[in-house]
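# after the sequence you'll find the predicted model.
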Amino acid sequence: MAVQVRRLMKRQDFVDCKLGRRVPTQSFVIQVLEKPEEAGLGVGFTTSSAAVGNAVARNRARRRLKAVFDEVCRLNPAAAGQGLWLVIVAKAPILKIEHAYLLKDMRKALAEAGVSC
RNA sequence: CCCCUGCACGGGGUCACCGCGAGAGUAACCCUCUCGAGGAAAGUCCGGGCACCCCCAAGCCACCGGCCGGAGAAUAUCCGGGCUGGCCGCUCCAGCCAGACCAACAGGGCCACAGAAAAGAACCACCUGCGCAAGCAGGAACGGGUGAAAAGGUGGGGUAAAAGCCCACCGCCGCUCUCAGCAAUGAGACGGGCGAGAGGAGAUGGCAACAUCGCCUCGAAGGUAACCUGCCGGAGGGUGCAAUACCGAAUAGGGACUCCCAGCGACGCGGCUUGCGUCCGACGCGGAAACGCCGAGGAGAGUCCGGGUUGGCAGCUCGACGCCUGAUGCAAAUCAGCGCGCAGAUGAAUGGUGACCACUCCCGCAAGGGAGCACAGAACCCGGCUUAUACGUGCAGAGGAGAC
RNA sequence: GCCCAUGUAGUCCAACGGUAGAGACAGAGGACUUAAAAUCCUUCCAGUACCAGUUCGAAUCUGGUCAUGGGCA
């Protein structure tokens, strides 16, 4: 069964997640907040200009993170998890890391965050 | 031929798997189809469209622009022409590039230091007079020196000494005329270095202030208007799609009515009352003050009303649009044909991965291997400007005559 | 996205268009002290964010880049 995933939209949601648990990897950080009333998962992406660079680099970083997350969790029928908000924050080396490593890091980080996949 | 610099144009392609946004096919889901970043999307420097507010009569203030002509909705835009400057050590021609390129006699301000003096110039030296001398008075911008800048240059005349004071040539300036040009402007001719201003006396007009006219004497001439300013021209101004319009929860707050509770300083009206009037009166507002104005309950329940936040929806993409073809024009551009094309997101889609082919570089005899592939991401929409840009292509970076 | 403001020593900041640049704190040295703090004296540190233009002359005036900061739902 697939996981129900919703995009986080409001600024307040992102601010709330800053208080949550942090799961770091080489190229990104996941901030996890327990939200029991959330039926599935809420997920947001942050690519700051200070960490990543100009607008083209920010777009590319966000799209790669989305693609990796979709492949590992959102479109994976085996994935399971609920009641969590995840904010995935890009770090500087993200654009230099190969896709396979990003997949590996994402699996590991999501497992640590409480999502099985 | 190579390198570098500048300008213009272009600024990757194909396939597979998995995804995203919008629209259509449907009333909706599934599903299918179509479309889905740029020349700068950037900086936000100009100009508009559009929306709201203010003023809606004109003018002043403030603002913007400034060679001429044309284009354009408009501009600090574009095109053509002129002039000036740079390339360039002297001159001229042609070439390329650049130019915020009206006025310094409307007026004011400023021009440090140096220098006698920085704008109605006398320090030294010069000349004249007085004086034994020191010096004083006057004449006089030729020389010295200072400076970014010192009141045209050369020669001659002239003089006490001098000076455009006069003359010749040259330069510059403005006026007039002729020719060319729509014009800016250019070529030539003629006359002139006069004028502006100050002072004086006079005539005419006028009650007067004053105006006009000619005469006499003196007599300025630098730079800066991206300092104030004057002149000419322009546009109603301001805010900006986070404009603006509509829909509209929950919570809090506002208003009206009803119910409930409490009913309080004094006096009067009133049969009584929670009613009415007057005085006093906390807090508040105006005022320097005097004083004036306003003028009293709640902690509750219900109903209704309007404001308004998160949110939603409209604005939101076909338009002064781009390409192509034809006509006009040196060109910017305009007109015609309708032949082709058309992103609309809102924590924000336009992608991720893999393979192959282009292109460039490196290693290698080769097979092949490795690395790179710029600047950069729409956010209401247009016209410009500016800045960034690997690589590829094209063009230019240059010449002639004379003098030394 | 839109609208503004500001850039000067290590830091905070002055400076009519005129020798290119004042202070304060900090730093260094010295005096005082047994030693330190405080205080006093001396000294060091800028070429005014960058690039052009106007001007005899620019931190200042004008234009353009870059950086930083702020406001608007």
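Right, received. Where do you want to start?

# among the helices and strands of chain A, which has the poorest mean pLDDT?
helix A:11-17 (a mean of 80; mean pLDDT, DSSP states H and E).

# what is that one packed up against?
strand A:28-34, strand A:41-46, strand A:84-90 (3 or more CB pairs under 8 Å, 6 or more residues apart in numbering; DSSP states H and E). C-betas here are computed from N, CA, C, even on glycine.

# how about the ones you listed, which one is nearest residue A:107?
Shortest distance between residue A:107 and the helices and strands packed on helix A:11-17, using CB to CB, is found for strand A:28-34: 11.9 Å.

# quick one: mean pLDDT over the closest one.
In this model, strand A:28-34 carries a mean pLDDT of 89.

# quick one: low-confidence residue ranges for chain A.
By pLDDT under 70, the low-scoring segments of chain A are A:1-2.

# could I get the full set of helices for it?
A:11-17, A:55-69, A:99-113 (DSSP state H).

# how about the least confident helix or strand of chain A: buried residues?
A:13, A:14, A:16, A:17 (16 or more other CB atoms under 10 Å).

# chain center to it: distance?
On the basis of CA atoms, centre = their mean, to the nearest Å, helix A:11-17 sits 14 Å off its chain's mean C-alpha point.

# again, but for stretch A:33-41
The chain centre lies 15 Å from the centre of stretch A:33-41; the measure is CA atoms, centre = their mean.

# good, wrapping up.
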